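Q: here you go, sequence then predicted model.
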Amino acid sequence: MAQELLTVAEMARADALTIASGFAGEHLMEAAGWAVARQATRILPRRRVAILCGPGNNGGDGFVAARLLARRGWPVRVALLGERGQLRGDAALMAARWTGPVETLSLRSLDGCGGVIDALFGAGLSRPLNGIARDVIEEIGRRRLPTIAIDVPSGVDGDSGEILGAAADCLATVTFFRKKPGHCLLPGRLKCGVITVADIGIPDSVLTEIAPKTAEAMAVPPPAPKVDGHKYRRGHVLVVAGGSMTGAARLAALAARRIGAGLATIAAPAETLASLRATEPGTLITALEPFELLLSDPRRNAIVIGPGAGRSAETADRTLAVLATGRAAVLDADSLTSFRDAPNRLFAALSPLAVLTPHDGEYTSLFGSIEGSRLARARMAAARSGAVMLLKGPDTVIAHPDGRTRIVTDAPPDLATAGSGDVLAGIIGGLLAQGLPPFEAAASGAALHGRAGRLAGRGMIAEDMMESLRIPSFFA
Ligand SMILES: NC(=O)C1=CN([C@@H]2O[C@H](COP(=O)(O)OP(=O)(O)OC[C@H]3O[C@@H](n4cnc5c(N)ncnc54)[C@H](OP(=O)(O)O)[C@@H]3O)[C@@H](O)[C@H]2O)[C@@H](O)CC1
Ligand SMILES: [K+]
């Protein structure tokens, strides 16, 4: 099951639905503050804690945490941004239940403190931090104070992960019910530290009504081979290679086989066939031309084109021919950049049967600007092109033209190495060949690729991921 991610608006709706069902908002806030206090007792040094409360409900959670910590005998120092009399609703109630002193937020609020609870702004952040709020957040960094963020580090936009003004580098973040996209997207994710998701009484049943479209990408094991099956039932991946960089096609074909495709064929120009045949004996090698003949065998049910294909008019034409077969396809690298001067020619031929896997550079060559979060960009590109979009990066996003999105949260930075993208294209091709729908193949493929990289460990190269896919527990 994919772990849903709720936007700020969806989270407010979850809150409202829960309250409408008879669960009082104050109980949600008590539970939220309790989860924060508990995390503080676990990970903060047992020294005075500065609890920085903002003017909304995030601040209300802070007042609860202050009361519960003080009750346990922890020294706390509570500072408020704004006037106490301006607090509303549950936040005002929780401020009233706090009977200790409340000072006006200033840089001195951090004096004598060995830790911070950041309760300035959460889901209600509406503009960049400025004034004393920003000064204090920056001072936390200068003093290197271990900090726990309530819901999100103040300044991190819950929907986009963008930093509005400033945000502290937190040791931990305690959020509620479900994570938000901003916890998974860069740069916000890097500010959160260890994220815990606390159950505060919102029932899972609210999700039926909210129907969130975004989730974390989950690594789903490929279908188990059938006892009465044969290799063609496990699918046949065709990798269309170019004249140079045949290693890219080899990596893609190997990954497709390792992920469970029954067969993989590399189609390559005549002059490269002999050298390719001297490599992996289990990968089939065939001539690229005549291209129509190559595509005429319907058993080659998933096609990977782009890795090492070369940027050219020929690659563009071959890509269009691949799409015209109506088979599932992965379009990577040169099969994308070959359309840099005429992206609409590509878009006109695309459907959700195609998975496009651009990195930022390839993305720019098709869609122009790289403004906005990776989530927003992937969503826009999927809608514009009509295909499944996998926008590669440290926070890879997969988007379907119908608005569904998945974010990869478990990919190590070691994946930024030569050939890694070819392995990803091969994994997705292998999953497509085994019958997974393109959006699911892309999301699961990216998550499996991340897991393979993590298992390969520091110092890994693309080839090592093949070994990860061999570990018996990999698909467990
Ligand atoms: N949903 C749930 O289920 C639950 C949610 N809970 C908690 O509620 C939190 C959301 O609360 P919230 O909606 O009151 O918003 P919050 O983040 O406190 O800030 C709003 C205030 O800040 C102000 N403001 C904004 N930006 C600013 C800036 N840059 N500089 C200065 N001011 C700025 C803004 O002003 P305005 O934009 O109105 O002018 C408004 O006054 C959520 O994160 C979680 O912790 C839990 O209690 C349990 C259940
Ligand atoms: K916060």
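A: In hand now; what should we look at? Ligands and ions are numbered 1, 2, ... in the order given.
Q: please count neighbours and contacts with C-alpha atoms only from this point.
A: Noted.
Q: I'd like to know how far the residue nearest to the spatial centre of the chain sits from Glu292.
A: Nearest to the geometric centre of the chain sits Ile407, at 2.4 Å (C-alpha atoms, centre = their mean). Ile407 sits 37 Å away from Glu292, going by C-alpha to C-alpha, to the nearest Å.
Q: ok, the residue nearest to the centre of the chain - contacts?
A: 181, 184-185, 214-217, 375, 395-398, 443 (C-alpha atoms under 8 Å, 6 or more residues apart in numbering).
Q: can you pull out the helices in the stretch 351-476 of the chain?
A: 360-367, 374-385, 420-433, 438-456, 464-468 (DSSP state H, counting those that start in this stretch).
Q: so which of these comes closest to ligand 1?
A: Comparison of the helices of the stretch 351-476 of the chain against ligand 1 by C-alpha to the nearest ligand atom identifies helix 374-385 as nearest, at 20.7 Å.
Q: tell me the helix or strand right after the helix or strand hosting Leu238.
A: Using DSSP states H and E, Leu238 sits in strand 236-240. Following strand 236-240 in sequence order, the next helix or strand is helix 246-258 (DSSP H and E).
Q: find the nearest non-adjacent residue to whichever residue of the stretch 301-450 of the chain sits closest to ligand 2, please.
A: Residue of the stretch 301-450 of the chain nearest ligand 2, by C-alpha to the ion: Ser373 (20.4 Å). Closest residue to Ser373 apart from its sequence neighbours, by C-alpha to C-alpha, 6 or more residues apart in numbering: Ser160 at 5.6 Å.
Q: could you check how far the one you found is from ligand 2?
A: Distance of Ser160 to ligand 2, given as C-alpha to the ion, to the nearest Å: 15 Å.
Q: what does Pro225 give?
A: Distance from Pro225 to ligand 2, by C-alpha to the ion: 48 Å.
Q: once you drop chain neighbours, what's closest to the residue of the stretch 151-300 of the chain found nearest ligand 1?
A: Here the stretch 151-300 of the chain gets closest to ligand 1 at one residue, Asp151, 5.0 Å apart by C-alpha to the nearest ligand atom. Spatially, and ignoring its direct neighbours in sequence, Asp151 is nearest to Thr175 (4.0 Å; C-alpha to C-alpha, 6+ apart).
Q: you'd agree the residue of the stretch 301-450 of the chain closest to ligand 2 is up against Asp159?
A: No: judged on C-alpha atoms under 8 Å, Ser373 makes no contact with Asp159 at a distance of 9.1 Å.
Q: between those two, which has more neighbouring residues?
A: Set Ser373 next to Asp159 and count neighbours by other C-alpha atoms under 10 Å: Asp159 wins out with 22 against 19.
Q: would you confirm that the more buried one contacts Val8?
A: Yes: assessed by C-alpha under 8 Å, Asp159 is found in contact with Val8 at 6.3 Å.
Q: got any residues that touch both of the two?
A: Lys180.
Q: who touches Ala40 in this structure?
A: Ile148.
Q: quick check: it vs Pro146, distance?
A: 10 Å.
Q: buried stuff in the helix or strand Glu314 falls within?
A: Secondary structure from DSSP H and E places Glu314 in helix 313-324. Using 16 or more other C-alpha atoms under 10 Å as the test for burial, helix 313-324 gives Thr315, Ala316, Arg318, Thr319, Leu320, Val322, Leu323.
Q: for stretch 462-470, same thing?
A: Residues of stretch 462-470 classed as buried: Ala462, Glu463, Asp464, Met465, Met466, Ser468, Leu469 (neighbour count, 16+ other C-alpha under 10 Å).
Q: compute the first-to-last residue distance for that stretch.
A: OK, stretch 462-470 end separation, C-alpha to C-alpha: 14 Å.
Q: residues making contact with it?
A: Contacts with stretch 462-470, where a contact means C-alpha under 8 Å, 6+ apart, come from 251, 254-255, 258-259, 415, 417-420, 423, 449, 452-453, 455-456, 474.
Q: can you check stretch 273-293 too?
A: 240-241, 246, 253-254, 263-270, 294, 318.
Q: buried sites along it?
A: Leu273, Leu276, Thr283, Leu284, Ile285, Thr286, Ala287, Leu288.
Q: determine which two of the residues you listed are furthest apart.
A: Using C-alpha to C-alpha, the two most remote members of the buried residues of stretch 273-293 are Thr283 and Leu288, lying 15.0 Å apart.
Q: hang on, Gly155 packs against Phe121?
A: Yes: using C-alpha under 8 Å, Gly155 is in contact with Phe121, at 7.1 Å.
Q: picking that back up, measure the residue of the stretch 151-300 of the chain closest to ligand 1 to ligand 2 for me?
A: 6 Å.
Q: count the neighbours of that residue for me.
A: Neighbour tally, Asp151, other C-alpha under 10 Å: 29.
Q: same check on the one 10 residues further on?
A: The number of residues packed near Gly161 is 26, by other C-alpha under 10 Å.
Q: what sits closest to it if chain neighbours are left out?
A: Gly182 is the one closest to Gly161 (C-alpha to C-alpha, 6+ apart), at 3.7 Å.
Q: quick one, what contacts the one you found?
A: Val156, Asp157, Gly158, Asp159, Ser160, Gly161, Glu162, Gly188, Arg189.
Q: please apply the same query to Glu10.
A: Applying C-alpha under 8 Å, 6+ apart to Glu10 gives the contacts Ile210, Pro212.
Q: ok, now with 10 Å
A: Ala16, Lys180, Val206, Leu207, Ile210, Ala211, Pro212 (C-alpha atoms under 10 Å, 6 or more residues apart in numbering).
Q: which member of the residues you listed is positioned nearest Gly112?
A: Nearest member of these to Gly112, counting by C-alpha to C-alpha, is Lys180, at 33.3 Å.
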